[in-house]
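A.B. asks: Next comes the sequence, and after it the predicted model I'd like to discuss.
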Amino acid sequence: MLAGAAGTGGRPPPAGNPRQAAAHEDPAMDNALIIRVRRGPGHSVLTAAGEIDFATVTRLREQLFTLAEEGRPVIADLDQVSFIDATGLGALVGAARRAAAHGASLHVVCARPQTRKLFQLTELDRQLRLARTLAGAVHDM
């Protein structure tokens, strides 16, 4: 689901906000996204779990771009992602472009209705290869 900080129009709370200060002091905030990578025969699978937002997207982007540069198809499995914002969507689009530049492709697995709706609303379902299951993504390669 695409969302920002409540009541701030998608921007983080002002610097003087105690919630923001507490969030930056909490080391668990960096652990809000778990990324696993495995290489299969002829493709790589990145599985993400948790939240993809401005605080976690850098790790996701780096992993996706590294995999995309290998020239093998990449599957980004987002079934365990509970939240994704515009920065996460941008990372997926960037990875798809990078994969294409290296003769490969990016496939996105997402069965959650709210995530699929987000891809439709942003028309990214026209730019990214979506599948409802990992098996479906492998089949579509």
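C.D. replies: The structure has been received and is ready for your questions. This is a predicted model, so every value here is computed, not measured.

A.B. asks: Which is the succeeding secondary structure element to whichever strand or helix holds residue 61?
C.D. replies: With secondary structure defined by DSSP states H and E, residue 61 is part of helix 57-68. Of the helices and strands lying after helix 57-68 in sequence (DSSP H and E), the nearest is strand 74-84.

A.B. asks: Against which helices or strands is the helix holding residue 61 packed?
C.D. replies: Applying 3 or more CB pairs under 8 Å, 6 or more residues apart in numbering; DSSP states H and E, one finds that helix 57-68 makes contact with strand 33-40, strand 43-52, strand 74-84, helix 86-101. For every residue, glycine as well, the C-beta is placed using N, CA and C.

A.B. asks: Buried deepest among those, which one?
C.D. replies: Scoring the helices and strands packed on helix 57-68 by mean neighbour count under mean count of other CB atoms under 10 Å gives strand 74-84 as the most buried, with a mean of 21.

A.B. asks: if we can go back for a sec, let me know which of the helices and strands packed on helix 57-68 is the nearest to residue 123.
C.D. replies: Closest of the helices and strands packed on helix 57-68 to residue 123 is helix 86-101, at 10.8 Å (criterion: CB to CB).

A.B. asks: which other helices and strands contact that closest one?
C.D. replies: Using 3+ CB pairs under 8 Å, 6+ apart, the elements in contact with helix 86-101 are strand 43-52, helix 57-68, strand 74-84, strand 106-109.

A.B. asks: and that helix, what's its mean pLDDT?
C.D. replies: In this model, helix 86-101 carries a mean pLDDT of 96.

A.B. asks: Run the angle between it and helix 57-68 for me.
C.D. replies: Counting by axes from the mean of the first three to the mean of the last three CA atoms, to 10 degrees, helix 86-101 lies at 10 degrees to helix 57-68.
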